[in-house]
Every structure is written in structure tokens, then in C-alpha cells.
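Q: Based on what follows, work out the 3D shape:
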Amino acid sequence: MGPQRIVCLTEEPTETLYALGEQQRIVGISGFTVRPPQARREKPKVSAFTSAKIGEIMALKPDLAIGFSDIQSEIAAELIKQGVEVWIANHRSVDGILDYIRRLGALVGATDRANAYARGIEDGLRVIEQAAAALPRRPRVYFEEWDEPIITGIRWVAEIVRIAGGDDVFPELSVEPLAKQRILANGDEVVRRAPDIILGSWCGKKFRPERVAARPGWDTIPAVRDGELHEIKSPLILQPGPAALTDGVNAIAAIIQAWAAKRS
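A: Numbers count the residues shown, from 1 in each chain. You can find the predicted model right below:
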């Protein structure tokens, strides 16, 4: 049976449960949810990422709340005090996302469907990786998660960039789990690392390539010089769920393949 009344505090459990055909268990979702589109129409929105409507959640009589990371620890603590069982996942890698899908599937009695769904995603990643292996040259890629302060990409993003055929220019920062550990003091190090492609996903606000290009000294960066500044929509890449490993990686792969085609 498993939990019958689930509140999803972030987007990835909602997308996963819908993909597994278990959406009837969801009684509340994050206000940031956009995937799948029908979730916004069908389910009440009871949380943001750092805040939640505790009273409204309790009125839904949930038997499980699912969230993500230390950022939601206060929400989790309040729900636990109210007697709600809470699962806060903390995965930060591609393998972690795949494992998350399998674990969530097992939790709701959909183990076989979850395993099949995860295998399908893995197959798709292999196809993209094989296509990337044929590239004559791998571009150096800078991914920016926020602009003020400048925050570089998290681990699953760096891994997705690699799968798509690029090399993240801040691999040592990508392994840091907390955003505050990936803050750059200024943009000088980006200039020094000279990325061929700049990808921006400013966590819910529109990426402004013209502002990035106008930063002091950035006109010397190959990506700026060649006009290779691209937005990846936040819902496609900044939630550690199916979106990142499907539409997210495909969007990045398309940018890298187009970059390579100009240089063939």
C-alpha cells in the first residue's frame, strides 16, 4: 500500500510520481511545480522551497511529506512536530537521481515501474553520451546557477554537462553540496578558465546574457566573444529529478552539438 496522502515539497517527487502513474497519492505540491503541467491544475500548492503553509498542509491530512536538502530542514522539523512522517532526500548526482526514482517507486509499491522508468532514462543518457564521444573537441562549459553572488553549478549539472559532451570548468566546486560553497568572490576566475560555452539558469529568474557579457573583462572569454551564452530553464536542470536527466540533458547536448557543428 505505502503512503496514500503525500505532500511534495519540491518538484521532483511530483514529476516522478506522475511518471509512475501514482499521482492519485499526491494531495499537495510545491508552488514552483511545472512538470507535468496538469499537476498545477489538479493539486493544491502548499509550499515554496524555503517556506510552506503548514496549516494548509495539515488540513490535507498527509501521511508523508517529501522534500529535498538542508534548505527544507525547518519545514521538515515543523511537520515532524505536527506528527507527519517526512522524507528529506539529499542526492546530488546523476546516480543519486536514478536511485531516488527507484527508492520513491519502492515506497509507493511501484518498484517494477520505477526500475523500468530509471532504466529508460539510463538508456537515453547512454545514447547522448555515445553521440558526444564522436565530437572532434569537447567544449569547456561554465554553468552559472545565480548571478549575485555568482554561484557555479552543482554536481549533477557538471555530470550532465560531461554526458552531453562538455567539460565543466569548475569541477572542484561542483562536488560541494551547498550553494554557499560554490560562490565565486568575483568573475576573474571564470575569465581565467576561458569557457567556450556559458550556460545560465538563475534559479527561477530569467537569465540575462547581455549582463553576463558586460561584466568587466568577460569580453575576452571565448563564449562571450562567440556569442555562446545560453539559458537552460530552471525546471529543466535545477531540480534533482527526471527533468534534468531527460529534457535538461537534451537541451545542453543540443547546444554543445551546435557549437561543435560550427567548428567542424
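Q: Now do the strands in this protein.
A: Under the criterion DSSP state E, the chain contains strands at 6-8, 26-30, 45-47, 64-68, 86-89, 140-146, 151-152, 167-168, 197-200, 229-231.
Q: which ones are touching residue 109?
A: Counting by Cβ atoms under 8 Å, 6 or more residues apart in numbering, residue 109 makes contact with 1-2. Heads up, the C-betas are built off the backbone N, CA and C, glycines and all.
Q: what does the one 10 residues further on give?
A: Under the criterion of Cβ under 8 Å, 6+ apart, residue 119 has no neighbours.
Q: quick revisit: compile the strands of the chain into a markdown table and extend it with columns for distance to residue 223, mean neighbour count and mean pLDDT.
A: Listed next are these as a markdown table, based on distance: least, Cβ to Cβ, whole Å; neighbours: other Cβ atoms under 10 Å; pLDDT from 0 to 100:
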| stretch | distance to residue 223 | mean neighbour count | mean pLDDT |
| --- | --- | --- | --- |
| strand 6-8 | 36 | 29 | 98 |
| strand 26-30 | 32 | 23 | 98 |
| strand 45-47 | 36 | 21 | 97 |
| strand 64-68 | 30 | 25 | 98 |
| strand 86-89 | 33 | 19 | 98 |
| strand 140-146 | 7 | 23 | 97 |
| strand 151-152 | 14 | 23 | 98 |
| strand 167-168 | 13 | 19 | 98 |
| strand 197-200 | 4 | 24 | 98 |
| strand 229-231 | 6 | 20 | 98 |
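Q: got those as a markdown table, with distance to residue 218 columns?
A: Converted to a markdown table, these look like this (distance: least, Cβ to Cβ, whole Å):
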| stretch | distance to residue 218 |
| --- | --- |
| strand 6-8 | 39 |
| strand 26-30 | 34 |
| strand 45-47 | 37 |
| strand 64-68 | 32 |
| strand 86-89 | 36 |
| strand 140-146 | 10 |
| strand 151-152 | 15 |
| strand 167-168 | 18 |
| strand 197-200 | 9 |
| strand 229-231 | 10 |
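Q: wait, which of the ones you listed is closest to residue 126?
A: strand 167-168 (18.9 Å; Cβ to Cβ).
Q: neighbouring strands for that closest one, and are they parallel or not?
A: Looking at strand 167-168 with DSSP bridges, its partner strands are strand 140-146 (parallel).
Q: pull the CA atoms of the partner strand into PDB?
A: Output of strand 140-146 as PDB, limited to C-alpha atoms (Å, rounded to 0.1, in the frame of the first residue of the first chain):
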ATOM      1  CA  ARG A 140      34.800  23.900 -21.800                       C
ATOM      2  CA  VAL A 141      31.500  24.800 -20.200                       C
ATOM      3  CA  TYR A 142      30.700  27.300 -17.400                       C
ATOM      4  CA  PHE A 143      27.400  26.900 -15.700                       C
ATOM      5  CA  GLU A 144      26.000  29.700 -13.600                       C
ATOM      6  CA  GLU A 145      23.300  28.900 -11.100                       C
ATOM      7  CA  TRP A 146      23.000  32.500  -9.700                       C
END
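Q: How about residues contacting it?
A: Contact partners of strand 140-146, identified using Cβ under 8 Å, 6+ apart, comprise 150-154, 157-158, 161, 166-170, 179, 182, 190, 193-203, 207, 212, 223, 238, 256.
Q: Could you do stretch 120-136 as well?
A: 94, 98, 101, 138, 163-165, 242, 245-246, 249-250, 253, 256-257, 260, 263-264.
Q: Check whether residue 17 really touches residue 108, as I assumed.
A: Yes - at 7.0 Å, residue 17 counts as touching residue 108 under the criterion of Cβ atoms under 8 Å.
Q: Give me the common contacts of those two.
A: Shared contacts of residue 17 and residue 108, defined by Cβ under 8 Å, 6+ apart, comprise 6, 25.
Q: Report the buried members of the contacts of stretch 120-136.
A: For the contacts of stretch 120-136, burial is judged from neighbour counts taken by 16 or more other Cβ atoms under 10 Å, and it is met by 94, 98, 101, 138, 163-165, 242, 245-246, 249, 253, 256-257, 260.
Q: Max pairwise distance over these: which two?
A: Pairwise distances across the buried ones among the contacts of stretch 120-136 (Cβ to Cβ) peak at 30.4 Å, for the pair 101 and 260.
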